[in-house]
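Visitor: Generate coordinates for the sequence data below:
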Amino acid sequence: MNTPRDLTHPAVRIVNAMERIYRYRMTTTSGGNLSIRDDNGDIWITPARIDKGALRREDIVCVKADGSVEGRHKPSSEFPFHRSIYEKRSDVKSIVHAHPVALVAFSISGQLPNTALFAKSHQICGKVGFAPYALPGSEKLGEIIAGVFAKGFNCVMLENHGVVVAGGDFEQAFKRFETLEFTAKTIIKARAIGEIQYLNDEQLLLASSRESRLGVFAPGPANSAERAIRQELCEFVRRGYHQRLLISTQGSFSARLGPDEFVITGRGVDRAHLTPDQLVLVRGGAVENGKQASQATELHRAIYREHPKMTAIINATPVNATAFAVSDSVLDTRTIPESYIFLRDVGKLPFRELFSAPETVAKRMRDEFPVALTENDGALVLGRTMLDAFDRLEVLESTAEAVINGRALGPVKSMKADVIEELVQAFLK
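Guide: Model prediction:
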């Protein structure tokens with residue numbers, strides 16, 4: 001399959017990415033810098049002392065391969081470490097440096113986030129390196145950071161300073177940055193409620209080596225019903241991303257079209273800008289040619305076959321609910337009436353079954369068990385409509401956040417058995 005040429009100007013890509021980073025509070029007005037290295041050696045970088053929340057294309061600075069500078073502003077004061085990394089790593093084409101709150105928490109405590117919390121995080125980010133403190137903007141700091149990258153790390157924590165992430169292209173660097181911050185945030189949340197469970201080497205290998213058993217087919221023209229479902233599904237995925245119920249690299253949404261036919265999110269597709277043509281059609285155990293379906297495709301197919309009334313399935317990673325998925329703590333939904341009505345009792349599915357026994361997972365899910373946490377993965381939600389499934393996902397995350405916040409205040413009180421029975425009789429019969 002041919003990869004389309006990227007015709008977006010580097011300055012535009014930097015502006016768009018900084019807007020995204022700033023919007024989700026992963027940097028401040030004055031903090032952070034991004035750069036892209038062209039094939040000719042020119043480095044495009046954010047300017048010094050310019051509002052990161054209002055960048056425009058003409059603000060981006062180009063430092064030419066010969067050292068001359070083009071642009072209306074000075075390049076970022078952190079340019080020295082960008083240049084040093086590019087000199088040490090010929091494979092690096094883009095760098096992201098910012099101060100997202102969770103990673104800064106690790107930075108100021110001298111700790112490294114363990115990416116083995118999630119299989120996807122480990123695959124995308126790898127192990128995280130550490131760079132000792134040096135004066136920001138100094139040549140010494142550049143030498144220290146570049147030296148860590150030279151050892152093969154792609155994500156490096158800066159002592160008392162934040163994080164630097166590099167990639168072979170801009171998309172890869174951004175995905176590593178966002179994924180690492182999500183991982184750090186989940187670790188912090190999970191530590192507040194229990195003992196964290198990390199994936200071992202065998203589990204990481206299981207997740208990375210799983211091969212699809214699905215065939216390939218050439219679909220005909222889409223009818224209006226399929227077009228409408230594709231559009232609606234994309235709208236819910238984008239909404240989920242903007243509400244931080246998933247990140248660009250994680251989360252699988254699907255919607256049923258027929259008895260053994262559905263559309264599902266593709267692999268490696270940015271969830272923030274998902275379009276109908278990027279969804280993958282699955283029919284009779286085969287995927288449409290030319291596309292890579294989500295790793296969760298076989299699981300979704302097994303669930304649809306086991307539960308004919310369900311028309312939508314979501315795998316997502318809302319940070320508070322996922323904190324329960326990676327820890328030994330149990331999410332008590334018997335704390336809020338709405339939570340119990342929408343979610344029932346939320347159980348936890350073993351990590352191994354997700355990747356090796358989709359039929360077993362499908363049988364565990366029932367009408368009275370429409371939501372489950374998945375070990376070191378996130379949440380699995382079923383719905384009779386897309387709205388039904390998405391609503392449950394939102395309620396799940398709100399409940400998890402309320403329980404975590406409540407525990408910080410004191411013991412959380414569960415509703416008594418007679419109250420639960422009253423809810424069952426009034427809303428669930």
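
Visitor: contact partners of stretch 182-201?
Guide: For stretch 182-201, contacts defined as Cβ atoms under 8 Å, 6 or more residues apart in numbering pick out 100-103, 105-106, 113-119, 121-122, 125, 207, 247, 250, 317, 319-320, 322-324, 326-329, 351, 375-376, 404, 407-408. Glycine gets a C-beta too; all of them are placed from N, C-alpha and C.

Visitor: and V419, what element?
Guide: helix 417-423 (DSSP states H and E).

Visitor: Tell me which residues are up against that helix.
Guide: The contact list for helix 417-423 (Cβ under 8 Å, 6+ apart) reads 334, 337, 340-341, 415.

Visitor: Neighbour count, secondary structure and distance to Q243 added to those, as a markdown table?
Guide: Formatted as a markdown table, the contacts of helix 417-423 follow (neighbours: other Cβ atoms under 10 Å; DSSP: H, G, I helix; E, B strand; the rest coil; distance: Cβ to Cβ, whole Å):
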| residue | neighbour count | secondary structure | distance to Q243 |
| --- | --- | --- | --- |
| R334 | 18 | coil | 25 |
| P337 | 15 | helix | 23 |
| Y340 | 24 | helix | 22 |
| I341 | 15 | helix | 21 |
| M415 | 17 | coil | 27 |
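
Visitor: Check the contacts of stretch 182-201 for burial and list the buried ones.
Guide: Buried by 16 or more other Cβ atoms under 10 Å: 100, 102-103, 106, 113-119, 121-122, 125, 207, 247, 250, 317, 319-320, 322-324, 326-327, 329, 351, 375-376, 404, out of these.

Visitor: Among the residues you listed, which lie within strands?
Guide: When DSSP state E is applied, the buried ones among the contacts of stretch 182-201 are split such that none fall in strands.

Visitor: which ones among the residues you listed are found in helices?
Guide: Counting by DSSP state H, the buried ones among the contacts of stretch 182-201 place 102-103, 106, 119, 121-122, 125, 207, 319-320, 322-324, 351, 404 in helices.

Visitor: if we take those residues, which one ends up nearest to H73?
Guide: Each of those was checked against H73 using Cβ to Cβ; the closest is L103, at 26.5 Å.

Visitor: show me what contacts the closest one?
Guide: Residues near L103 by Cβ under 8 Å, 6+ apart: 113, 157, 162-163, 180-181, 184.

Visitor: Now restrict the residues you listed to buried residues only.
Guide: In the contacts of L103, burial by neighbour count holds for 113, 157, 162-163, 180-181, 184, counting by 16+ other Cβ under 10 Å.

Visitor: If we ignore the residues flanking it in sequence, what's nearest G347?
Guide: A372 (5.2 Å; Cβ to Cβ, 6 or more residues apart in numbering).

Visitor: Wait, that neighbour touches A362, no?
Guide: No. In this structure A372 lies outside contact range of A362 using Cβ atoms under 8 Å: 11.3 Å.

Visitor: which of the residues in stretch 345-355 are buried?
Guide: 346, 349, 351, 353-355.

Visitor: just for the stretch 51-200 of the chain, where's the confidence low?
Guide: Judged by pLDDT under 70, the stretch 51-200 of the chain has no weakly predicted residues.

Visitor: Okay, helices next: where are they in it?
Guide: In the stretch 51-200 of the chain, the helices defined using DSSP state H, counting those that start in this stretch lie at 79-88, 101-109, 119-125, 139-149, 170-191.

Visitor: which of those helices is buried the deepest?
Guide: Each of the helices of the stretch 51-200 of the chain was scored by mean neighbour count; the highest is helix 170-191, a mean of 23, by mean count of other Cβ atoms under 10 Å.

Visitor: what's the offset of that one from the middle of its chain?
Guide: Between the centre of helix 170-191 and the centre of its host chain there is 7 Å, according to Cα atoms, centre = their mean, to the nearest Å.

Visitor: Minimum distance to A131: which of the helices of the stretch 51-200 of the chain has it?
Guide: Between A131 and the helices of the stretch 51-200 of the chain, the tightest spacing by Cβ to Cβ is seen for helix 139-149, at 4.8 Å.

Visitor: what's around L204, how many residues?
Guide: 18 (other Cβ atoms under 10 Å).

Visitor: OK, contacts around it?
Guide: 116, 119, 122.

Visitor: that older thread, of the ones in helices among the buried ones among the contacts of stretch 182-201, closest to L7?
Guide: C125 (28.3 Å).

Visitor: is it true that that closest one touches A173?
Guide: No. Judged on Cβ under 8 Å, C125 makes no contact with A173 at a distance of 10.9 Å.

Visitor: And the furthest pair within the ones in helices among the buried ones among the contacts of stretch 182-201?
Guide: Checking these with Cβ to Cβ, the most distant pair is A207 and I404, at 26.3 Å.

Visitor: Off-centre distance for stretch 56-66?
Guide: For stretch 56-66, the distance to the chain centre is 30 Å (Cα atoms, centre = their mean).

Visitor: Pull out the buried positions in that stretch.
Guide: Using 16+ other Cβ under 10 Å as the test for burial, stretch 56-66 gives 59-63.

Visitor: Let me see the contact set for the nearest residue to F130 once chain neighbours are set aside.
Guide: Of all residues not flanking F130 in the chain, M157 sits nearest, at 5.2 Å (Cβ to Cβ, 6+ apart). Going by Cβ under 8 Å, 6+ apart, M157 touches 103, 106-107, 112-113, 128-131, 163.

Visitor: go again using 10 Å as the cut-off
Guide: 103-104, 106-107, 110-113, 128-131, 148, 163-164, 180, 184 (Cβ atoms under 10 Å, 6 or more residues apart in numbering).

Visitor: and what of I95?
Guide: Residues near I95 by Cβ under 10 Å, 6+ apart: 33-37, 43, 45, 78, 81-83, 85-86, 89, 145, 149, 164-167, 170, 173, 177.

Visitor: And the residue nearest the centre of this structure?
Guide: I247 (2.8 Å; Cα atoms, centre = their mean).

Visitor: Now do stretch 105-113: everything it contacts.
Guide: For stretch 105-113, using Cβ under 10 Å, 6+ apart, the contacting residues are 99-100, 102-103, 121, 125, 127-133, 155-163, 180-188.

Visitor: Kindly recompute the last result at 6 Å.
Guide: 128, 130, 157, 160, 162, 183-184, 187 (Cβ atoms under 6 Å, 6 or more residues apart in numbering).

Visitor: wait, which of those residues is closest to Q231?
Guide: Proximity of the contacts of stretch 105-113 to Q231 (Cβ to Cβ) peaks at T183, which lies at 31.7 Å.

Visitor: Can I get the stretch of helix or strand A302 belongs to as PDB, trimmed to CA atoms?
Guide: Element membership for A302 (DSSP H and E) is helix 297-306. Taking C-alpha atoms only, helix 297-306 is exported to PDB below (Å, rounded to 0.1, in the frame of the first residue of the first chain):
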ATOM      1  CA  THR A 297     -11.500  -6.500  15.800                       C
ATOM      2  CA  GLU A 298     -11.700 -10.200  16.600                       C
ATOM      3  CA  LEU A 299     -12.900  -9.400  20.100                       C
ATOM      4  CA  HIS A 300     -15.700  -7.100  18.800                       C
ATOM      5  CA  ARG A 301     -16.700  -9.700  16.300                       C
ATOM      6  CA  ALA A 302     -17.000 -12.400  19.000                       C
ATOM      7  CA  ILE A 303     -19.100 -10.000  21.100                       C
ATOM      8  CA  TYR A 304     -21.500  -9.200  18.200                       C
ATOM      9  CA  ARG A 305     -22.000 -12.900  17.500                       C
ATOM     10  CA  GLU A 306     -22.700 -13.700  21.100                       C
END
